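1. Quick one, what's the 3D model for this:
(chains A and B)
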Amino acid sequence: MKPADIVKATIIISVIGFISAFSLSFMKKITQEPIAKQEQEKKLAALALVLPGYTVQQEKTVTIDDSPFTYWIATKEENRIVKKAWAFLAEKKGYGGPVQSIVGVDESNTILGFTILSQNETPGLGARCVEVASNETFVDHFITKNLTSKEEVSWFQEQFIGLNASKHIAIHKKGDWHKEMKDELIQHNAVTAITGATITTKAVTQSIEEGIQKLHKALTLQEVQ
Amino acid sequence: MDYFKEFFKGVWQKNPILVLGIGMCPTLAVTTSASNAIWMTIATTFVLLGSNILVSAIRTIVPSHVRIPIFITIIASFVIIVELTLKAFQPDVYKALGIFIPLIVVNCIILGRAEEFASKNSVLSSILDALGMGLGFGLTLFILATIREVLGANKLFGYVLIPGMKPAILMILAPGAFFTLGLLLWAMNVIKSRKALFKRTE
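-> Numbers count the residues shown, from 1 in each chain, chains lettered A, B, ... in the order given. Predicted structure coming up:
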């Protein structure tokens, strides 16, 4: 290879690298605002979902066991008694990376709401943890236009409501969740696993169990101060 | 130059998945539902089109010994553009496809077409090649995903087909992808060998 060739190749690679970096930074600038807006909306919607009826008062981030832990304090007035509830970020490694969720609990550690914020699980398997249960058929949608059966909340996430977060959350393998299972599962403080994705289910239940312990530590820390 | 042939070869004669045997990773991974398959096709075809156009446009000035890093830079830029756009304007799709959007960068179809076709042909035929290859990729993905979604989830585009029936979950899991792909390859080869047989007897 002649020195002139090396110079030519270097210049061409640099120019192409520069153009692509420039156009990507331009792209980043256009999409930055919508993405930030999406994430903010997602967070607010998630908080409203996991703390139904409560008003969020404060967001706090503390260091527990050498890692940051974010939680929110919310209150609700009922019969002139102020009730408190908390929401916290729970995270645990699933099959394809961390599964991050927000969990809302009241004073008796009962889960008020639960929603998954981000996950990278396998599409069709673990990613079904965010799937919205739809029993709608083509006939319902296009002919009878019966849209009442449509549910907005994912079945996997809905089944956590009412469980006790401070106790062990058991995993039963009963196939897809439906309403008739609810009483039996709550009695055992259990959820039904996503078929073919027990690792994802386990990551979620463990992240809640670990999260509630961190929340209790954070709250005692808060009282000491 | 026969433009129609240039376009159509990606669908049948040189179908990227069934004949060339490239791009298997997204084929097996995202074909769990028909809508996933369609979004994956749109994203991949966009990247393929962009990279084919650019690679073909600069093919005379790129020194051949540094072509691979240049192609990869171009492909990666288009993938990031797709990723950011989906994240900003189609967050649900981005959520559903997850890791497979950034992984388009290592999809052999794109680098394969840049290397084998776009770097040797004009911009116009590269556009046709990209669209044809995208269509071939998309059709295969769509057929695979439809079979798997119908059998494995009893659904199509998220709508239940037969209320109350339990689906064969195996089909939505990884083995189902291999079974369906195997059957498609078999069907493709049967049709091809029949055609060849006819030609010989004539």
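
2. drop to CA atoms for contacts and neighbour counts, all remaining ones
-> OK.

3. what about the residue nearest the centre of chain B, helix or strand, and which?
-> The centroid of chain B falls nearest to residue B:137 when counting by CA atoms, centre = their mean (3.1 Å). Taking DSSP states H and E as the criterion, residue B:137 maps to helix B:123-153.

4. What average pLDDT does that helix get?
-> The average pLDDT for helix B:123-153 rounds to 92.

5. Okay, strands next: where are they in chain A?
-> Ranges of strands within chain A are A:55-64, A:67-78, A:81-93, A:98-106, A:111-118, A:170-172, A:190-192, based on DSSP state E.

6. Between those, which one is closest to chain B.
-> Between chain B and these, the shortest separation by CA to the nearest CA is 7.8 Å, and it involves strand A:111-118.

7. and the closest one, how far out from the chain's middle?
-> Distance of strand A:111-118 from the chain centroid (CA atoms, centre = their mean, to the nearest Å) equals 5 Å.

8. what angle separates it from strand A:81-93?
-> Using axes from the mean of the first three to the mean of the last three CA atoms, to 10 degrees, the direction of strand A:111-118 lies 40 degrees away from that of strand A:81-93.

9. Report all helices and strands that strand A:111-118 contacts.
-> helix A:3-50, strand A:98-106, helix A:155-158 (3 or more CA pairs under 8 Å, 6 or more residues apart in numbering or on different chains; DSSP states H and E).

10. Any chance you could list what contacts that strand?
-> Here strand A:111-118 makes contact (CA atoms under 8 Å, 6 or more residues apart in numbering or on different chains) with A:42-43, A:46, A:49-52, A:98-106, A:129-130, A:157-158, A:160-165, B:95.

11. Only the buried subset of these, as a PyMOL command please.
-> Buried residues within the contacts of strand A:111-118, by 16 or more other CA atoms under 10 Å in any protein chain shown, are selected in PyMOL with:
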select buried, (chain A and resi 46+49+50+51+98+99+100+101+102+103+104+105+106+129+130+157+158+160+161+162+163+164+165) or (chain B and resi 95)
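
12. How far does stretch B:102-114 stretch from one end to the other?
-> Counting by CA to CA, to the nearest Å, you get 18 Å between the two ends of stretch B:102-114.

13. Up against chain A, what does chain B have?
-> Contact residues (CA under 8 Å from any CA of the partner chain) of chain B with chain A: B:29-30, B:32-33, B:62-63, B:66, B:69-70, B:73-74, B:77, B:80-81, B:84-85, B:87-89, B:91, B:95-99, B:158-163, B:172-173.

14. Tell me the bridge partners for the closest residue to residue A:202 other than its chain neighbours.
-> Residue nearest to residue A:202 in three dimensions, not counting chain neighbours: residue A:171, with 7.5 Å by CA to CA, 6 or more residues apart in numbering or on different chains. For residue A:171, the beta-bridge partners under DSSP bridges are residue A:191.

15. quick one, what contacts residue A:171?
-> By CA under 8 Å, 6+ apart, the contact set of residue A:171 is A:190, A:191, A:192, A:193, A:201, A:202.

16. Tell me how many other residues crowd residue A:15.
-> 12 (other CA atoms under 10 Å in any protein chain shown).

17. Pull up the gap between it and chain B, please.
-> Distance from residue A:15 to chain B, counting by CA to the nearest CA, to the nearest Å: 10 Å.

18. distance of that residue from residue B:118?
-> 20 Å.

19. returning to what we had before: how about the residue nearest to the centre of chain B, what does it touch?
-> Neighbour list for residue B:137: B:11, B:15, B:16, B:17, B:41 [criterion: CA under 8 Å, 6+ apart].

20. now with 10 Å?
-> B:10-11, B:15-18, B:22-23, B:27, B:37, B:40-41, B:44-45, B:109, B:131 (CA atoms under 10 Å, 6 or more residues apart in numbering or on different chains).

21. Also residue B:194?
-> residue B:200.

22. Distance of it relative to chain A?
-> For residue B:194, the distance to chain A (CA to the nearest CA) stands at 36 Å.

23. Mind telling me what element that residue is part of?
-> helix B:174-201.

24. Pull up the gap between the closest residue to residue A:190 other than its chain neighbours and residue A:182, please.
-> Leaving aside its sequence neighbours, residue A:190 sits nearest to residue A:170 (CA to CA, 6+ apart; 4.3 Å). If you measure residue A:170 against residue A:182 using CA to CA, the figure is 14 Å.

25. ok, how many other residues are close to residue A:33?
-> Neighbour number of residue A:33 under other CA under 10 Å is 12.

26. Touching, it and residue B:85? I think so.
-> No: the criterion here is CA atoms under 10 Å, and residue A:33 misses it with residue B:85 at 11.6 Å.

27. Comparing the helices and strands packed on strand A:111-118, which comes out most buried?
-> Across the helices and strands packed on strand A:111-118, averaging neighbours per residue (mean count of other CA atoms under 10 Å in any protein chain shown) puts strand A:98-106 on top, at a mean of 24.

28. Where does the prediction get shaky in chain A?
-> Flagging of chain A using pLDDT under 70 yields the residue ranges A:123-124, A:132-153, A:225.

29. same thing with chain B?
-> Along chain B, the parts satisfying pLDDT under 70 run over B:1, B:202.

30. what touches both of residue A:170 and residue A:182?
-> What both residue A:170 and residue A:182 touch, as defined by CA under 10 Å, 6+ apart, is the set A:190, A:191, A:192.

31. so what does the helix or strand where residue B:76 lies touch, helix or strand wise?
-> Assigned by DSSP H and E, residue B:76 falls within helix B:67-89. Packing partners of helix B:67-89 (3 or more CA pairs under 10 Å, 6 or more residues apart in numbering or on different chains; DSSP states H and E): helix A:3-50, helix B:34-57, helix B:91-97, helix B:108-113.

32. As CSV, those with distance to residue A:91 would be great.
-> Below are the helices and strands packed on helix B:67-89 laid out as CSV (distance: least, CA to CA, whole Å):
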stretch, distance to residue A:91
helix A:3-50, 15
helix B:34-57, 26
helix B:91-97, 17
helix B:108-113, 34
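
33. looking at those helices, which is closest to residue A:197?
-> Smallest distance to residue A:197 across the helices and strands packed on helix B:67-89 (CA to CA): 15.6 Å, for helix B:91-97.
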